[in-house]
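Engineer: Just to be clear, the model below is a prediction. Sequence and coordinates:
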Amino acid sequence: MAEVSRFSVSWAVLMKDLRIERRSRVMINQIIPFSALVMVLFAFALDATNILTRVAPGLIWLAVLFSMIVIVQRGFAVESSDGALEALQAAGVDPSAVFWGKWAALVVQLTVIEVLLVGAAVLLYGVEIRAIGLVLLVTTAISATCGLAAVGTIYGGLAAGVSGRETLLPLLVLPVASPVLIGATRAVEAALGTGGTTISEGWPWLGLLSVFAVTFGVAGSFAFGPLIEE
Amino acid sequence: MAEVSRFSVSWAVLMKDLRIERRSRVMINQIIPFSALVMVLFAFALDATNILTRVAPGLIWLAVLFSMIVIVQRGFAVESSDGALEALQAAGVDPSAVFWGKWAALVVQLTVIEVLLVGAAVLLYGVEIRAIGLVLLVTTAISATCGLAAVGTIYGGLAAGVSGRETLLPLLVLPVASPVLIGATRAVEAALGTGGTTISEGWPWLGLLSVFAVTFGVAGSFAFGPLIEE
Amino acid sequence: MNSSPTSATESVIDIQGLVVVLGGYPALAGADLCVARGEIVLLSGPNGAGKTTLLRACAGMVRPVRGSGQVLGFDLIAEREAIRSGVGMVGHRNGLYTDLTVEENLRFWGAMSGADSDEVAAAASAMEVDGRLASVPVGRLSAGQRRRTALAVLVVRRASLWLLDEPHTGLDAAGRDQLDDLLRRATLSGATVLFSSHEADRAARLATRSVRVEAGRVEVGDG
Amino acid sequence: MNSSPTSATESVIDIQGLVVVLGGYPALAGADLCVARGEIVLLSGPNGAGKTTLLRACAGMVRPVRGSGQVLGFDLIAEREAIRSGVGMVGHRNGLYTDLTVEENLRFWGAMSGADSDEVAAAASAMEVDGRLASVPVGRLSAGQRRRTALAVLVVRRASLWLLDEPHTGLDAAGRDQLDDLLRRATLSGATVLFSSHEADRAARLATRSVRVEAGRVEVGDG
Amino acid sequence: MTTITPQTIQAPRHRGTGTRATRVVGIATIIMIGWLAVFGLVISPADRDQGDSVRIMYVHVPSVWLAYLAFIVTAVCSAIHLIGKRHSLGVDRVAGASAEIGVVFMAVTLVTGMLWGRITWGVYWQWDARLTTTALLFVSYIGYLAVRGLEGTREQRARRSAVIGLLVVLEIPLVHWSVRLWRSLHQEATVLGTDLDVSLDGLMLFSLFVGVVAFTLLFIWLVLHRSRTLTMIDLSGDRDLDAALASRRAEGGADRV
Ligand code: HEM
Ligand SMILES: Nc1ncnc2c1ncn2[C@@H]1O[C@H](COP(=O)(O)OP(=O)(O)OP(=O)(O)O)[C@@H](O)[C@H]1O
Ligand SMILES: Nc1ncnc2c1ncn2[C@@H]1O[C@H](COP(=O)(O)OP(=O)(O)OP(=O)(O)O)[C@@H](O)[C@H]1O
Ligand SMILES: [Mg+2]
Ligand SMILES: [Mg+2]
């Protein structure tokens, strides 16, 4: 498909994913309730409100992580159920273009989740957001999301082909994604001033997150082809 | 299939599941590392050593819950990938027999997970097990497992048919299972004497768990047919 | 399944005005069909006519919104369970466990339907999935080999009504012949066969009668 | 794909001694095949002979452990990417998005291969998945209607080498004819077709030449 | 045009995976481990505030560093496999072998560390940055091995695992600098932060050095053998292939009608 630009391929993949999403309503009907539920469960499992506000940032990102795994499973089940991903591959469609398309779709979905989870944290855990922390909070969310989406897409593609998909994905994603979990948690703590942390403490972590995002973005863009290759 | 006893059907299903498990090695290679990972992540998200021992029981059961979801997804992906479950249904195989077969297989796998997770908790969270609490601990584990397995099997069967399986299952299982989460947590706390609780506080919770297990066992045995029905 | 009431009546399938709605679309729009014991009836018709839906309806797998009928002498709506245990169906999907070997799949179905290991072995050899293939996981078989396995499972089931949706799909020349005399032999021992196919000439050779499905209704054609 | 070097050489497929191992089993055990531009070649042979594997190998989807070959003038091992973008393959699975409608699937593939909406519409009508079906989610189509959609996608791809694995499966009489002259027309405009089938007589009518696959090797038969 | 001749694996001259080289390395390893025992248990002094427990260090630290080395070797081999024109399966086998051994070393680190922790902190595990990151690294490589275990062709296995191998190695710096990271970024002083500055006198340092050398030799010895074993497994696979090809061609009548 020499004549088709890489961007338009990515764009088509992104639009396709979002359309499937809009049609199946999985996001609204299932994933959002699920992630809200995870938050509630954490609250139950700990059920000591005093510590909840302190650990809230960690829990938010943990919930994001679990939600992402579910989203990725879904996003690649769509691809592999009738062999669509294989068809793309057989048609010689540029894998890295496909990667960026799937990546973008995942970013969109994660962003929605995060906004809602932060809201939930405010309500359930009584977290307060300070105005000065806002910039840090947003930039953190953005770079963390980009990184997570890259990891999710890479391993989603890998797992899409194999049989034990359901179980392999979480095993691969969680450890690699946990640096993001850690970094984002610290940064958000700084943004929220949890436990008397100051904003300034947040920025270095943000740096870590950005490095992570860039690394895995580049890696995915190159590795996606070999990964889904038979 | 009038001449085939319900038990032998369940037995065949159980053996079939265990054989598939033995062959694909998913349990050892993927699920067990995954659940261990969940423990580590929780601990790190909280990362305040002093509270860990206090919330350990909750985290154990939370980890069990997440592992179960993964196991159930896998267990029913096997059934629905080539329409095997539908074939059983079309052949008029007694659904409740199938239910108990899948249930038993899930119980076996959950038990393995739990033993390992408790071991991990002892090492990682510094939990200590008192001799006097042992009876309560074991009985709790048993009844909780039976209950969870029943819930997992019911909803696994329900989700097996529909398309958005990956996402629907956790959404359905988590809320219904959370009573077990709470009950089991309290009971284990009592067994371990977490936060100075006494054994006696545990028994009522154990009662709750048993009631739950029986309820959902019976429910599943009756409802499984209608649930997987077109 | 000699216990089934059909020993009394002659018609194994007898449905009137069946209407089946799938996702808001009337896949069946008033289908009538009557099949006598021992017949081998071919369902022909264009894509989307409703053949698969009709077969699934006869198997009690989809619930009609209108119409009534009896299959194996049991009521189509009230006694689905009874119908199902007497019916053997092979659809577009094979319904096998891909992680298990051919033999393990057959054994499993043997346990489900109380067939002993001899019958299982017989079924395997009938569709030639014995020998080397017996110990190969179904996930590693070729399309036709999977189809053969699915049909062998059907033999193990010893159903009294066989509902086959394009059963010849993927079978090689030899396999088609094997399937055909398998079906003929089955009907000799009291079974009844209703199958769909798009290969007019070959199917006509097998069938004792052929009916045409068109736009969700059955038009009786010349056998 | 007129950019492909084949305009120079005549043989579109030219492979020698291809060995493909799947899960430890030699699905292809030294297959040789040579197909000239404009041919319609039939792959026949028993179940498990290696037809699907051979087609996938020609599409650069499975990597041979031995042997060598050129497809569309590109090297089978070194230039898989180039081969793939010139090849259109339909396997046992359709490779469609079941949540999307027929039209959306075709549009998607149009975007992938730079076909404008007219070409898309043309492809849809060629396989008769326009009209009502265009707006039906693929997941709600009948088996044959899905197959038609998959073939329409293939038309959208405008490939110069068509590799079809039992393409007639599930198609009704009309659909088979449509497919056949679709393929004939494609070859007239410079494309080449390699397809497998188990329906000897019908396939022979379509094919300009037929080769027999047996036990992982190709035995040239009479066209 | 490129013809695939079966990737030539030169079979070892004699049976087994041993050669003179490996035997020399093996003997050297044994000697060095003997030394390590002597120095670690007898000669080197007990620590001021840690007592004899400090001797665990002579296993704990070398095993971590060798685990690092093993994982880096895996990464390098993965890179060579992906970039190299031949996409050699040989380096892939080395990568696999090295990863397996690295996981073992990592396990040793965890166990010795936990024992050491039990002695010095009174608990097996502390929720401190380095320990957690170490655990994550450990699991990551279990995942790597799980990917290697997936079904598929050798090339597929090599390609997949090479990518993973290159991704997970990035966690090593995170583990290594975790202490500093957290100290500089995080207020709470970490446990290892206080515990790590064991005052190493010359003799301790030397014993540690001996340990590192011994473990390095052990690593080399193990990698040589393990990768040769993997080679032989593939080799036997190829031998089987010839037999399989013969029987496959013979099929026709036998397996079919
Ligand atoms: C489960 C418990 C432990 C784990 C997982 C663990 C892990 C590690 C790791 C990964 C390193 C390598 C650091 C690097 O150079 O990148 C290390 C080094 C070291 N560990 Fe541990 N450790 C544990 C417990 C302990 C304990 C209890 C002590 C002593 C009280 C200790 C003392 C040391 C020392 C002295 C070093 C070398 C100095 C350094 O490289 O920082 N470790 N440990
Ligand atoms: N789940 C569904 N939702 C909506 N419509 C459906 C669904 N399943 C099938 N249909 C429609 O019902 C009609 C009959 O489908 P059916 O599968 O019975 O046709 P068929 O005769 O088997 O066709 P084929 O020969 O292609 O198998 C088709 O037009 C199809 O579009
Ligand atoms: N993943 C696999 N692992 C092991 N063996 C396999 C695998 N896939 C296919 N085979 C074997 O390779 C051989 C060829 O398979 P292939 O699908 O090419 O046959 P085919 O000619 O397409 O048969 P059919 O006519 O049934 O489609 C078969 O014997 C099959 O058992
Ligand atoms: Mg049909
Ligand atoms: Mg095939």
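Structural biologist: Looks like it came in fine. Ligands and ions are numbered 1, 2, ... in the order given.

Engineer: okay, CA-based contacts and neighbour counts for the rest of this
Structural biologist: Fine.

Engineer: C:D32 belongs to a strand?
Structural biologist: Yes: checked against DSSP: H, G, I helix; E, B strand; the rest coil, C:D32 lies within a strand.

Engineer: so who does it touch?
Structural biologist: The neighbourhood of C:D32, defined by CA atoms under 8 Å, 6 or more residues apart in numbering or on different chains, consists of C:D14, C:I15, C:Q16, C:G17, C:L18, C:R217, C:V218.

Engineer: Show me these that map onto helices.
Structural biologist: Using DSSP state H, no member of the contacts of C:D32 falls within helices.

Engineer: For stretch E:96-105, give me every contacting residue.
Structural biologist: By CA under 8 Å, 6+ apart, stretch E:96-105 touches E:63-64, E:66-71, E:73-74, E:138, E:141-142, E:145, E:148, E:219, E:222-223, E:226-227, E:230.

Engineer: Show me what from the stretch 1-150 of chain E comes close to ligand 1.
Structural biologist: Contact residues (CA under 6 Å from any ligand atom) of the stretch 1-150 of chain E with ligand 1: E:V61, E:V64, E:L110, E:G113, E:M114, E:W116, E:G117, E:T120, E:W125, E:L131, E:T134.

Engineer: Between those, which sits nearest chain B?
Structural biologist: E:W125 (5.1 Å; CA to the nearest CA).

Engineer: list the contacts for that closest one?
Structural biologist: Contact analysis of E:W125 by CA under 8 Å, 6+ apart lists B:L123, B:L124, B:Y125, B:G126, E:M114, E:G117, E:R118, E:L131.

Engineer: returning to what we had before: what subset of the contacts of stretch E:96-105 is buried?
Structural biologist: E:63-64, E:66-71, E:73-74, E:138, E:141-142, E:145, E:148, E:219, E:222-223, E:226-227, E:230 (16 or more other CA atoms under 10 Å in any protein chain shown).

Engineer: re the thing from before, which one of the residues of the stretch 1-150 of chain E next to ligand 1 is nearest ligand 2?
Structural biologist: E:T134 (50.5 Å; CA to the nearest ligand atom).

Engineer: Would you confirm that that closest one contacts E:V175?
Structural biologist: Yes: judged on CA atoms under 8 Å, E:T134 makes contact with E:V175 at a distance of 6.0 Å.

Engineer: Run the angle between the longest helix seen in chain A and helix B:49-80 for me.
Structural biologist: In chain A, ranked by residue count with DSSP H as the criterion, the top helix is helix A:49-81. Following axes from the mean of the first three to the mean of the last three CA atoms, to 10 degrees, one obtains 20 degrees for the angle between helix A:49-81 and helix B:49-80.

Engineer: Name the residues of helix A:49-81 that are buried.
Structural biologist: A:52-81.

Engineer: pLDDT of the helix or strand E:E100 falls within, averaged?
Structural biologist: Assigned by DSSP states H and E, E:E100 falls within helix E:89-120. Per-residue pLDDT values over helix E:89-120 give a mean of 92.

Engineer: Tell me the helix or strand right after that helix.
Structural biologist: Helix E:89-120 is succeeded, C-terminally, by helix E:129-149 (DSSP H and E).

Engineer: what residues does that next one touch?
Structural biologist: A:171-172, A:175-176, B:29-30, B:33, B:37, B:40, B:44, E:96, E:99-100, E:103, E:106-107, E:110, E:125, E:157-158, E:160-161, E:164-165, E:168, E:171-172, E:174-176, E:178-179, E:182, E:190, E:192.

Engineer: residues near the closest residue in space to C:R84 that isn't next to it in sequence, how many?
Structural biologist: Excluding the flanking residues, the one nearest C:R84 by CA to CA, 6 or more residues apart in numbering or on different chains is B:G92, at 4.7 Å. Neighbours of B:G92 under the rule other CA atoms under 10 Å in any protein chain shown: 25.

Engineer: what do you get for E:R118?
Structural biologist: Using other CA under 10 Å, E:R118 is surrounded by 15 other residues.

Engineer: contacting residues around the closest residue in space to it that isn't next to it in sequence?
Structural biologist: Of all residues not flanking E:R118 in the chain, E:Y124 sits nearest, at 4.6 Å (CA to CA, 6+ apart). Residues near E:Y124 by CA under 8 Å, 6+ apart: B:L123, B:L124, B:G126, E:M114, E:L115, E:W116, E:G117, E:R118.

Engineer: Also A:A77?
Structural biologist: Counting by CA under 8 Å, 6+ apart, A:A77 touches A:A160.

Engineer: Need the residues that contact the helix or strand containing C:R56.
Structural biologist: According to DSSP H and E, C:R56 maps onto helix C:51-58. Contacts with helix C:51-58, where a contact means CA under 8 Å, 6+ apart, come from C:13, C:20, C:27-28, C:31, C:43-45, C:62-64, C:71, C:76, C:91, C:163-165, C:194-196, C:213.

Engineer: Contacting chain B as well, which ones from these?
Structural biologist: Restricting those to those touching chain B (CA under 8 Å from any CA of the partner chain) yields C:V62.

Engineer: And the buried ones among the contacts of helix C:51-58, selectable in ChimeraX?
Structural biologist: Remark: buried members of the contacts of helix C:51-58, expressed as a ChimeraX selection using 16+ other CA under 10 Å:
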select /C:13,20,27,28,31,43,44,45,62,63,64,71,76,91,163,164,165,194,195,196,213
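
Engineer: From the contacts of helix C:51-58, which land in strands?
Structural biologist: Applying DSSP state E to these, the entries found in strands are C:13, C:20, C:27-28, C:31, C:43-44, C:71, C:163-165, C:194-196, C:213.

Engineer: and ligand 2, which of the residues you listed reach it?
Structural biologist: C:A27.

Engineer: Which one of the ones in strands among the contacts of helix C:51-58 is nearest to chain D?
Structural biologist: Closest to chain D, out of all of those and judged by CA to the nearest CA, is C:S44, at 8.8 Å.

Engineer: how close does that closest one sit to C:V62?
Structural biologist: As defined by CA to CA, to the nearest Å, C:S44 lies at a distance of 20 Å from C:V62.

Engineer: swap in C:A49?
Structural biologist: Taken as CA to CA, the span from C:A49 to C:V62 is 16 Å.

Engineer: now swap in E:A250 and tell me
Structural biologist: Separation of E:A250 from C:V62 (CA to CA) stands at 47 Å.

Engineer: Is the closest residue to chain C within chain A in a helix, a strand, or coil?
Structural biologist: Going by CA to the nearest CA, chain C is nearest to A:S163 of chain A, at 9.2 Å. Of the three states, A:S163 takes coil according to three-state DSSP.
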